[in-house]
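Engineer: Sequence plus predicted model, see below.
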Amino acid sequence: MTSRKRSFSPNVDAAPGRSPRQAIPFLLPALVVLAALVLYPLVYSLIRSFFDASGDEFVGLGNYVETFTDPRTLIAFRNNVIWVVVAPAAVTGIGLILAVLTERIKWATAFRLVLFMPMAISLFASGIIFRLVYEEAPNQGVVNAVVVGVHDVFSPASQYPGARPRDGYAATEAGFTAIRPSRAGDTISLPLIGYPPQDVPPQALPASPPTAGTGELRGVLWLDVSIGGRAGAVDPTERGLPGVAVEAVRDGQVVARTTTGDDGRFTFPDLGAGDVTVRLPPENFALPFRGLTWLGPSFITPVIISSWIWIMTGFAITFIAAGLSAIPRDALEAARVDGATEWQVFKRVTIPLLSPVLLVVFVTLVINVLKIFELVFVIAPGSVQSEANVLALQMWQVSFGTGGDQGAGSALAVILFLLVAPAMLFNIRRFRRERS
Amino acid sequence: MTAVADEVRIDVPVSGAPKRGFLTRLVSRLGNGVVQVVLALVAVFWLVPVFGLLIASLRDESANTASGWWTVFTKPAELTLANYADLVANQAVWQSFLNTFYIAVPATVLVVVMASLASYALAWIEFPGRETLTVVVVGLLVMPIQVALIPVAKLFGALGLFGTITGVVLFHVAFGLPFAIFLLRNFFTGIPRDLIEAARMDGATEWVIFKRVILPVAKPAIASLTIFQFLWVWNDLLVALVFADQDSAPITVALRAQLRQFGTNIDMLSTGAFLSMVVPLAVFLVFQKYFVQGVLAGSTK
């Protein structure tokens, strides 16, 4: 009877319940774990951060001072700033564009599924994936393979990489330049070394020194194999190197240019009077382009950010797409009927209506970025890890890695907590607003 | 333009899309073609890195050292399962793979059980401090785990839990709870009051209401939470790096030692990474709906 009475009473108060004591068994397990492993540690870390490495001596703000003067931590700070400024905005922007575009295709679900997939796998595995993508050797890392491929289309690889004249030539920026001048009527003997004989092109013929010709400067350029032959002299088994560019230079100007034949001979027919200097331009011998050192100190942070973008974009798309579908069609149609272009509709209607969702996505991404650890840990090779360092990684290294200083480590943990605190307040405020 | 707009208003059925001029339609159709191509390229761009890892894991050490995975298109005969056979035969790696299960399964079950109990109290039992407690849970959502690493390491050391699977599990439970409670509380509060009222009128205890009324209705939310928490624990590196020892290490920690010589270890690392990805990928593909819901629930209701 009493219960029936209660249900009839106009009590529209918050959720009903019979006795507060009933809540205890439901709450107890979770509360014990949270208190022991989250709340108590938070307090402990705060106190611990005022003590030295051993934990015996009170050092006040010493650990914090040390943290803000340690060059490694400062690099970590700098990188965290780069991350926070670049990465969440990039992902939110890309996510917004792709979410809007997917509204126009039939396979939107499949598309979102593909882009969401990286969220399911570990940051560790993602790190290995991108370590492989950016591996420096162009025969292992796909990015450098593409870079080298494109580069070689525009400036083809040289024919004889690493080859050089035996002697008598100075290496300059313009190429190998003869130390002594020549003139028409001379013959030049130009032995090259530093190139594997088995790589000589098949059309190469045995080299033969030319005879002098009046009015012409002639020469032979060949691969001088000193083992089993005489150094600097043409042996019967030695072959000419075809296709090498040779220049004749007078007063700093190239006056003639020719290419060696299959037997290594070259001829400058009309040099006129006066001395010239023979020069071999560098494109003959340039070492092959090997791509960029992505995992080196200069690119490492952008490279890791790119992998994070790969992971998080699916999250942003899914979230923003959910927001988009909640926008009333009427608002969009009304604007279109009024003659607004798609771009105007997007800018004036979609974006303002979507801004709360975009803010939530952005804040979530910022929190994620502040805690970034695994990607840096895995993608940055040991030697550049200090350059790619971030606070979460530095905290681990100082406390458990090479540092072993739990005082300074606690200070870093507290700093990390303080950086996340605004997001905490943001979440609480949003939660309170949604309830009312 | 005005004429077109007028025309539109006249012959468009209320529910359908507005008809446009021929030119507009052409542009929009071409535009759609471009959009299709761009999005297809983006999708390929997203898949290539994973595909590369998969192929690398199917080529032996010498093949991986000599040439890139993309040469598989000209030399498909190089593909082999030998790396996987090696890895599975490697006692340490196989043990770490099993450890990942031993950690992820209990850490998921405990979180789901504890969080559903707590969420029920937060949603439907009135007690002093309920509001405060809920706000604390929301605040803890973004708590960085770094804050707890040092103190809990010390605590586990004192309790003999350091370097054990139990320790790793407990830590995951603690840091999985705030999100889990947040997710389930939000769902539980959405359950119609009449259902609970009716049960209370029938004299059902809180426990019975929880078991008979709440749990059956909350299956989708619990599914989302289970999948999300399982993947979160499965994919962890940092927690296990601090709290696990060699015998209790999950696969991420076990593979980490091979990172030093990346270029020459591609065969082993790609195989190990792919092995560790198989379970999350399968879970994701089978339960994607729940997983996506779980991720979205992390920030929206």
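Structural biologist: Nice, I can see it. Just so it is clear, the structure is predicted and the values come from calculations on it, not from any experiment.
Engineer: Establish whether the one helix or strand B:Thr271 maps to and chain A are in contact.
Structural biologist: If you go by DSSP states H and E, B:Thr271 is part of helix B:266-286. Yes - in terms of Cβ under 8 Å from any Cβ of the partner chain, part of helix B:266-286 sits within range of chain A, namely B:Ile266, B:Leu269, B:Ser270, B:Ala273, B:Phe274, B:Ser276, B:Met277, B:Pro280, B:Leu281, B:Val283, B:Phe284. Backbone N, C-alpha and C define where each C-beta goes, glycine included.
Engineer: can I assume the third one is in contact with B:Ala56?
Structural biologist: So that's B:Ser270. Yes - using Cβ atoms under 8 Å, B:Ser270 is in contact with B:Ala56, at 4.0 Å.
Engineer: can you list residues touching both of those two?
Structural biologist: Residues touching both B:Ser270 and B:Ala56 (Cβ atoms under 8 Å, 6 or more residues apart in numbering or on different chains) are A:Leu132, B:Asn64.
Engineer: for the helix holding B:Thr271, what is the average pLDDT?
Structural biologist: Mean pLDDT, helix B:266-286: 91.
Engineer: buried residues in the helix or strand following that helix?
Structural biologist: Downstream of helix B:266-286, the first helix or strand assigned by DSSP H and E is helix B:288-297. The neighbour-count check on helix B:288-297 (16 or more other Cβ atoms under 10 Å in any protein chain shown) flags B:Gln288, B:Tyr290, B:Phe291, B:Val292, B:Gln293, B:Gly294, B:Val295, B:Ala297 as buried.
Engineer: Could you do stretch A:185-203 as well?
Structural biologist: Of the residues in stretch A:185-203, those with enough neighbours to count as buried (16+ other Cβ under 10 Å) are A:Asp186, A:Thr187, A:Ile188, A:Ser189, A:Leu190, A:Pro191, A:Leu192, A:Ile193, A:Tyr195, A:Val200.
Engineer: closest to A:Ala76 among these?
Structural biologist: A:Tyr195 (47.3 Å; Cβ to Cβ).
Engineer: contacting residues around the closest one?
Structural biologist: A:Tyr160, A:Pro161, A:Gly162, A:Ala163, A:Leu223, A:Leu241.
Engineer: Among the residues you listed, name the ones in helices.
Structural biologist: Applying DSSP state H to these, no entry is found in helices.
Engineer: For the stretch 201-301 of chain B, what lies in contact range of chain A?
Structural biologist: B:201, B:203, B:206, B:210, B:231, B:234-238, B:241-242, B:252, B:255-256, B:259-260, B:262-263, B:266, B:269-270, B:273-274, B:276-277, B:280-281, B:283-284, B:288, B:291-292, B:295-296, B:298-301.
Engineer: For the closest residue to A:Arg48 other than its chain neighbours, give me its contacts.
Structural biologist: Excluding the flanking residues, the one nearest A:Arg48 by Cβ to Cβ, 6 or more residues apart in numbering or on different chains is A:Ser410, at 4.1 Å. Applying Cβ under 8 Å, 6+ apart to A:Ser410 gives the contacts A:Ser45, A:Leu46, A:Arg48, A:Ser49, A:Asn63, A:Ser399, B:Ile150.
Engineer: Any chance of CSV for those, columns secondary structure?
Structural biologist: Below are the contacts of A:Ser410 laid out as CSV (DSSP: H, G, I helix; E, B strand; the rest coil):
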residue, secondary structure
A:Ser45, helix
A:Leu46, helix
A:Arg48, helix
A:Ser49, coil
A:Asn63, helix
A:Ser399, helix
B:Ile150, helix
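Engineer: Of those residues, which is the nearest to A:Gly296?
Structural biologist: A:Ser399 (27.7 Å).
Engineer: Which residue lies closest in space to that closest one, excluding its sequence neighbours?
Structural biologist: Spatially, and ignoring its direct neighbours in sequence, A:Ser399 is nearest to A:Gly409 (2.9 Å; Cβ to Cβ, 6+ apart).
Engineer: helix or strand for that neighbour, which one?
Structural biologist: Using DSSP H and E, A:Gly409 sits within helix A:406-435.
Engineer: Repeat that for A:Lys106.
Structural biologist: When elements are assigned from DSSP H and E, A:Lys106 belongs to no helix and no strand.
Engineer: okay, now it: neighbour count?
Structural biologist: Residues lying near A:Lys106 (other Cβ atoms under 10 Å in any protein chain shown) number 8.
Engineer: Got phi/psi on it?
Structural biologist: phi -80, psi -30 (degrees, to the nearest 10).
Engineer: ok, now how distant is it from A:Leu96?
Structural biologist: Distance, A:Lys106 to A:Leu96, by Cβ to Cβ, to the nearest Å: 21 Å.
Engineer: same check, this time on B:Tyr84
Structural biologist: Shown here: B:Tyr84 relative to A:Leu96, a distance of 40 Å by Cβ to Cβ.
Engineer: who has more neighbours, the two?
Structural biologist: Neighbours were counted for B:Tyr84 and for A:Leu96 using other Cβ under 10 Å; A:Leu96 has more, 23 against 15.
Engineer: pLDDT value on the more buried one, please?
Structural biologist: pLDDT, A:Leu96: 94.
Engineer: same question, B:Phe22
Structural biologist: Reading off the confidence values, B:Phe22 has pLDDT 63.
Engineer: before we move on, what about B:Pro18?
Structural biologist: Reported pLDDT at B:Pro18 in the predicted model: 47.
Engineer: before we move on, what about A:Leu115?
Structural biologist: Looking at A:Leu115, its pLDDT stands at 94.
Engineer: how close does it sit to A:Glu103?
Structural biologist: 15 Å.
Engineer: go on, B:Ile103?
Structural biologist: According to Cβ to Cβ, B:Ile103 stands 40 Å off from A:Glu103.
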